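Asks: coordinates for the following, if possible.
(one chain, ligands or ions: 1)
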Amino acid sequence: MSIPSPAFRSRIREGLENATLQEALQRAVPSFLVSRSKAFEDLPDAEAVRDRARAIRAHTIAHLDRYLEQFAREVERRGGKVFWAATAREACDYIVNLARSRGVAMVAKSKSMVSEEIGLNHAMEAAGIRVVETDLGEFIIQLAGERPSHIITPAIHKRREDISKLFQKHLGMPPTDEIPEMTAAARRALRQVFLDARMGISGVNFGIAETGTLVLVTNEGNGRMVTTLPPIHVALMGIERVVPTWEDAEILLRVLARSATGQALTAYTSFLTGPRRREEPDGPEELHVVLVDNGRSRWLGTPLEEALYCIRCGACLNACPVYRAIGGHAYGSVYPGPIGSIVTPMLGDGNGAELAYASSLCGACQEICPVRIPIPDLLVRWRQMRAGSLLPVWERIGLQLYAHAARHPSLWARAGRWAMGLLRRLGREGWLRRGVGPLRAWTAVRDFPVPQRPAFRDWWTSRRGGGE
Ligand code: SF4
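Replies: Here you go, the predicted structure:
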């Protein structure tokens, strides 16, 4: 196998050649970055808040068993039911069986990356249960028969013209590209779904251990409909999303909203504690919290544990020059971008190790991450642990020789002189236009400058008037 694999290479090419995607990314991503910077500038002691957020995540993950048990106990004490799903299959089976046993024909769903991860929609539809996405971005993606291409804005790759065509085709909307008219068409279609669905499925941004409270953030209010109108609410939560206290949740919400959408607070921040109580006028009669492991616990106590600190704000995708060039679908995984390249092979069947190479290791992701995950270091870890074995033999031998030379200065100097001499011989008029070996990919799209004389090492040596 080579890296990138032929399938990955072809997805990259498709992304780069897709003019619609390129236009959509160039329109949307820079504005996210500007709003995010402005939001952090306006936050007093922003760096201290980020440090605190990181400390909360580190403490929680280090004591995950304790906080998960407390969370589950508190959910059940307030009338909810908790199901521990070790695998994606167990989570899907539980929800499908629950829906069947209650005679549910249609489910209203709000955004949940975990549901994408475990393939829930597919499992429900295979069981004859209709699932309707109610987050506008997810609704668009569902109509288009595609997968999300961004953690926060799933339809980022679509322009308003594309969405208009979809709505005309599926919702019978008259031709328009006026956003209020398009959202009104979606609202009309979804309103009936909220009223008819017998089960609502949501994700969970944070689960507060001290009271068993679910925290949900959305910008469209659909999360509130999904969790209060249908008689059954199923909340899907990755086990790492627990936080010890309300105070901790408040700190994390401060950095989540700012990093994700540049808002001080997400428009709808909901706190749900247990199912409807007797004296309450609304809310679900049943609450089921499905705690999904799906490989997460394998990584506790390992060097990759820090990836579990992620609060899925999506900022590292926006900052990443590779993501911005190829878009989310090129990764071929539910979680794209820098953090997706780390967590994809950590989850489920562990596929996707080659994604560790979908990065220039420039560090922009680490700089923007609100909980300061050392993403480049973790990507390098993956390369060392697993992805390295996917490299072709010649590349592995080449890297070993490189590492050996880099540890021996005189060998390094000799190899450098030899390589510079070779490049000068191959070049014409100061440029190499058709490279060989690893240089071929470089010169396919731009010329490579031939090393000039004197070489830096010779210049430095003569300046110091001594040997190396
Ligand atoms: S790694 Fe950091 S920046 Fe990326 S999604 Fe997670 S929390 Fe956000």
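Asks: on the three-state scheme, the nearest residue to His150 once chain neighbours are set aside is what?
Replies: Once flanking residues are discounted, His150 sits nearest to Ile156: 4.4 Å by C-beta to C-beta, 6 or more residues apart in numbering. No exception for glycine: its C-beta is placed from N, CA and C like everyone else's. Secondary structure, DSSP: H, G, I helix; E, B strand; the rest coil: Ile156 is coil.
Asks: Ile156 - how many residues pack around it?
Replies: Using other C-beta atoms under 10 Å, Ile156 is surrounded by 23 other residues.
Asks: give me the number of residues near the residue in the stretch 51-200 of the chain positioned nearest to the ligand?
Replies: Here the stretch 51-200 of the chain gets closest to the ligand at one residue, Ile151, 6.1 Å apart by C-beta to the nearest ligand atom. Residues lying near Ile151 (other C-beta under 10 Å) number 26.
Asks: show me the contacts for it.
Replies: Met113, Arg312, Cys313, Gly314, Leu317, Tyr335, Pro336, Gly337, Gly340 (C-beta atoms under 8 Å, 6 or more residues apart in numbering).
Asks: sorry, back to before: check contacts around the residue nearest to His150.
Replies: Contacts of Ile156 by C-beta under 8 Å, 6+ apart are Ala24, Leu25, Ala28, Val29, Gly137, Ser149, His150, Gly327, Gly328.
Asks: do that again at 6 Å, thanks
Replies: Remark: with contacts taken as C-beta atoms under 6 Å, 6 or more residues apart in numbering, Ile156 is in contact with Ala28, Ser149, His150.
Asks: one more: Ile118?
Replies: Ala88, Ala91, Cys92.
Asks: cool, Leu426 as well?
Replies: Leu432.
Asks: quick check: it vs Leu432, distance?
Replies: Separation of Leu426 from Leu432 (C-beta to C-beta, to the nearest Å) stands at 6 Å.
Asks: in TSV, list the contacts of Ile156 along with secondary structure, neighbour count and distance to Glu354.
Replies: Listed next are the contacts of Ile156 as TSV, based on DSSP: H, G, I helix; E, B strand; the rest coil; neighbours: other C-beta atoms under 10 Å; distance: C-beta to C-beta, whole Å:
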residue	secondary structure	neighbour count	distance to Glu354
Ala28	helix	18	27
Ser149	coil	26	19
His150	coil	23	21
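Asks: including pLDDT and distance to Arg73, could those go into a markdown table?
Replies: Output for these, formatted as a markdown table (pLDDT from 0 to 100; distance: C-beta to C-beta, whole Å):
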| residue | pLDDT | distance to Arg73 |
| --- | --- | --- |
| Ala28 | 90 | 42 |
| Ser149 | 90 | 38 |
| His150 | 92 | 35 |
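Asks: returning to what we had before: let me know the secondary structure of the residue of the stretch 51-200 of the chain closest to the ligand.
Replies: Under three-state DSSP, Ile151 comes out as coil.
Asks: give me the phi and psi for it.
Replies: In terms of degrees, to the nearest 10, the main-chain angles of Ile151 are phi -60, psi -40.
Asks: and the pLDDT for it?
Replies: The model reports Ile151 with a pLDDT of 88.
Asks: what's the answer for the one 3 residues further on, then?
Replies: Listed pLDDT for Pro154 reads 92.
Asks: show me what contacts it?
Replies: Pro154 touches Gly137, Glu138, Ile141, Pro148, counting by C-beta under 6 Å, 6+ apart.
Asks: separate out the buried members of these.
Replies: Buried members of the contacts of Pro154, counted by 16 or more other C-beta atoms under 10 Å: Gly137, Glu138, Ile141, Pro148.
Asks: residues contacting the last one?
Replies: The one in question is Pro148. So Pro148 contacts Ile141, Pro154 (C-beta under 6 Å, 6+ apart).
Asks: skipping adjacent residues, who's closest to Arg188 in space?
Replies: Closest to Arg188 by C-beta to C-beta, 6+ apart is Leu171, at 7.8 Å.
Asks: ok, the one you found touching Ala189?
Replies: Yes: contact criterion C-beta atoms under 6 Å: Leu171 and Ala189 qualify, at 5.3 Å.
Asks: these two: which is more packed in?
Replies: Neighbours per residue (other C-beta under 10 Å) separate Leu171 from Ala189, with Ala189 holding more: 18 against 14.
Asks: just flag the most distant two among the contacts of Ile151.
Replies: Among the contacts of Ile151, the pair separated by the greatest distance (C-beta to C-beta) is Cys313 and Pro336, at 13.9 Å.
Asks: compare those two (neighbour count), which wins?
Replies: Neighbour count, other C-beta under 10 Å: between Cys313 and Pro336, Pro336 has more, with 28 against 25.
Asks: enumerate every residue touching the more buried one.
Replies: Gly328.
Asks: give me phi/psi at it?
Replies: Dihedral angles of Pro336 (phi, psi; degrees, to the nearest 10) stand at phi -90, psi -180.
Asks: and if you look at Gly203?
Replies: Backbone torsions for Gly203, taken as degrees, to the nearest 10, come to phi -90, psi -170.
Asks: number of nearby residues for it?
Replies: 24.
Asks: that one and Glu116 touch, don't they?
Replies: No: Gly203 lies out of contact with Glu116 (C-beta under 6 Å); the separation is 9.6 Å.
Asks: now do the shared contacts for the two.
Replies: Common contact partners of Gly203 and Glu116 (C-beta under 6 Å, 6+ apart): none.
Asks: helix/strand/coil for the closest residue to Pro174 other than its chain neighbours?
Replies: Excluding the flanking residues, the one nearest Pro174 by C-beta to C-beta, 6+ apart is Gln168, at 7.4 Å. Secondary structure state of Gln168, per three-state DSSP, is helix.
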